[in-house]
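make a model of this:
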Amino acid sequence: MPIEELRTLILGLPNLTELMIGTTELLSDVMDVLNNNLNLDICPKLTTLKFYYCKIDPDALDKMLRSREKLPGQPDRANFLRYFEVQGGRWFDQNGNATGGHTDHCSYIKELQDDYPLLAIGFEFNRGHI
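Next comes the predicted model:
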């Protein structure tokens, strides 16, 4: 699905709380659409986000997660991302080059878990190629 079609589709779903996206090469574009700092009106009630068999850019992921995190001291509200999961993913940089390995224990995952302690994060990476 082209990114503008995805944007239009989820823009019309303001009460969406769980979103699953699978098998995409354009995950950086998807993360830009889901970035709450760039698109405040996209999925404002999103609490669960899952990616399946996707190429993941760690920088785009970090920006998107940061835009949707619950900061310490903020009151509980429904519009904070509470659960993020990747199954069958691989790390890729902005140029599409594999980076960081494809294991469940790479440094990116540890950094994300340290940076987002209030967010439940699950990773199960693909052992082969996407």
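
now stretch 53-61 - C-alpha only, CSV.
The C-alpha coordinates for stretch 53-61 follow below in CSV (Å, rounded to 0.1, in the frame of the first residue of the first chain):
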residue,chain,number,x,y,z
TYR,A,53,8.5,-9.0,8.8
CYS,A,54,9.7,-5.4,8.3
LYS,A,55,13.0,-3.6,7.7
ILE,A,56,13.5,-1.3,10.7
ASP,A,57,15.5,1.9,10.7
PRO,A,58,16.6,2.4,14.3
ASP,A,59,16.6,6.2,14.0
ALA,A,60,13.1,6.5,12.6
LEU,A,61,11.9,4.0,15.2
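
so for it, mean pLDDT?
The pLDDT scores in stretch 53-61 average 82.

list the buried residues in that stretch.
C54, K55, I56, D57, P58, A60, L61 (16 or more other Cβ atoms under 10 Å). Every C-beta, even on glycine, is put in place using the N, C-alpha and C of the backbone.

the fifth one is in contact with I109, isn't it?
No: no contact is recorded between P58 and I109 when judged using Cβ atoms under 8 Å, the distance being 9.6 Å.

joint contacts of these two?
Common neighbours of P58 and I109 are not found (criterion: Cβ atoms under 8 Å, 6 or more residues apart in numbering).

tell me the secondary structure at the residue nearest the centre of the chain.
The centroid of the chain falls nearest to L61 when counting by Cα atoms, centre = their mean (5.3 Å). L61 carries the three-state label helix when classified by DSSP: H, G, I helix; E, B strand; the rest coil.

can you map out the helices along the protein?
Here the chain has its helices, by DSSP state H, at 3-11, 27-34, 58-67, 107-115.

return the most buried member of these.
Mean neighbours per residue, mean count of other Cβ atoms under 10 Å, is largest over those for helix 27-34, with a mean of 21.

thanks again, I'm all set now.
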